[in-house]
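Novice: My questions are about this predicted structure, shown below with the sequence.
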Amino acid sequence: MKKRTVVTICDMEFSLIGEENEEYTKKVAEHVDKRMREVSSSVGISTLDAAVLTAINIADDYFRQVDSAENMRSQLKDYFDELSRLKDENAELKRELNKLRNTR
C-alpha cells in the first residue's frame, strides 16, 4: 500500500508517495536536505544547482558503494572457493592417513 509522507528539503515541502514507512522516507529526505545544505552553503549557488550537484554527489556515493559491495562479493567467492579447495585437500589427506594406518 502506498503511503504519503510530507517532508521538507531546503525549506520546501514535498509530498512523497511510496511503499516505505514514514520514518524511512523522512530519513531519506533528511539526508538529501543535509547534503543540499552542505553544497549550497559552501558554494552559495541556486537551489536548482544545489539539487543537481547533490544528486551527482549522492549518485557518486551510490556507485562507489556498489563497486565496494561487488569487490566484497568477489572476495567472498574467492574465500569460499579456497575453503572448498582446502576441504577437498583435507579429505584427501585423511584418506591417505587412513591408508597408511591400515598398511602397518
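Specialist: Okay, I see it. If you're wondering where the values come from, they're calculated on a predicted model, not measured in any experiment.

Novice: quick one, longest helix in the protein?
Specialist: In the chain, with assignment by DSSP state H, the single longest helix is helix 47-102.

Novice: For Asn21, which residues are in contact?
Specialist: By Cβ atoms under 8 Å, 6 or more residues apart in numbering, the contact list for Asn21 reads Lys3. The C-beta positions use only the backbone N, C-alpha and C, and glycine is treated the same way.

Novice: and Glu22, how many residues sit next to it?
Specialist: 14 (other Cβ atoms under 10 Å).

Novice: Now do the contacts for the residue nearest to it when sequence neighbours are not counted.
Specialist: Closest residue to Glu22 apart from its sequence neighbours, by Cβ to Cβ, 6 or more residues apart in numbering: Thr5 at 4.7 Å. Taking Cβ under 8 Å, 6+ apart, we find Thr5 in contact with Ser15, Leu16, Ile17, Gly18, Glu22, Thr25, Lys26, Ala29.

Novice: circling back: packing partners of the longest helix of the chain?
Specialist: The contact analysis (3 or more Cβ pairs under 8 Å, 6 or more residues apart in numbering; DSSP states H and E) places helix 47-102 against helix 22-43.

Novice: List the buried residues of the helix it packs on.
Specialist: Within helix 22-43, the residues scored as buried using 16 or more other Cβ atoms under 10 Å are Thr25, Lys26, Val28, Ala29, Val32, Asp33, Arg35, Met36, Val39, Ser40.
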